[in-house]
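Asks: quick one, structure for this:
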Amino acid sequence: IHNADGDSIPIERVISHLILSTPVPKPGGPTLLIPLETLGRLTGRMTLHTPPLKDLPLVDLPFERLVSCLDIPTIVTVVLGFLALEQKIIVTSTRPSLVLDSCELLRALLFPFELCAPYVPRLTEPFVSCLEFPGAIFV
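Replies: Numbering: from 1, shown residues only. Predicted coordinates:
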């Protein structure tokens, strides 16, 4: 691969940029066609499809983690009774990674709606005052 100046760019750098720097497209967006060249001739194209507009949200976490720490009635109560109604929610655990994963999975279960309340997945000391926020908050 060559840049505009004709200098060679390592393929690893291009792949790294594509994976790490390119934002994930929103569902229902356009399909991207990327031409592929081999020795100066067009040999094919790579097609990148965005998720369908009415598809479930993309979550790269197993829902088993959420179900292993909360039972189904509690999950339904949190999602429909607190998140959907924009109530204040504070999630605690002795394992910080479990809190973060659980919050992300609970937020994904709101689909097709989005969380409107402030979302603080990991509360640190400087942000403790946000617990006094008068409206809905998800911590």
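
Asks: which residues does the most centrally placed residue in the chain contact?
Replies: In the chain, the C-alpha closest to the average C-alpha coordinate belongs to Val59, at a distance of 5.9 Å (CA atoms, centre = their mean). Taking CB atoms under 8 Å, 6 or more residues apart in numbering as the definition of contact, the neighbours of Val59 are Glu104, Leu105, Ala108. Bear in mind the C-beta positions are built from the backbone N, C-alpha and C, glycine included.

Asks: and the contacts of the lengthiest helix in the chain?
Replies: Counting by DSSP state H, the longest helix found in the chain is helix 96-108. Contacts to helix 96-108, defined as CB under 8 Å, 6+ apart, come from residues 56-57, 59, 61, 63, 65-66, 69-70, 75, 78-79, 83, 91-93, 115, 119, 121-122, 138.

Asks: go again using 6 Å as the cut-off
Replies: Around helix 96-108, the neighbours that count as contacts under CB atoms under 6 Å, 6 or more residues apart in numbering are Pro57, Val59, Leu61, Phe63, Arg65, Leu66, Val78, Val91, Ser93, Leu115, Pro121.

Asks: who wins on neighbours among those residues?
Replies: Each of these was scored by neighbours using other CB atoms under 10 Å; the highest score is Leu66's, at 22 neighbours.
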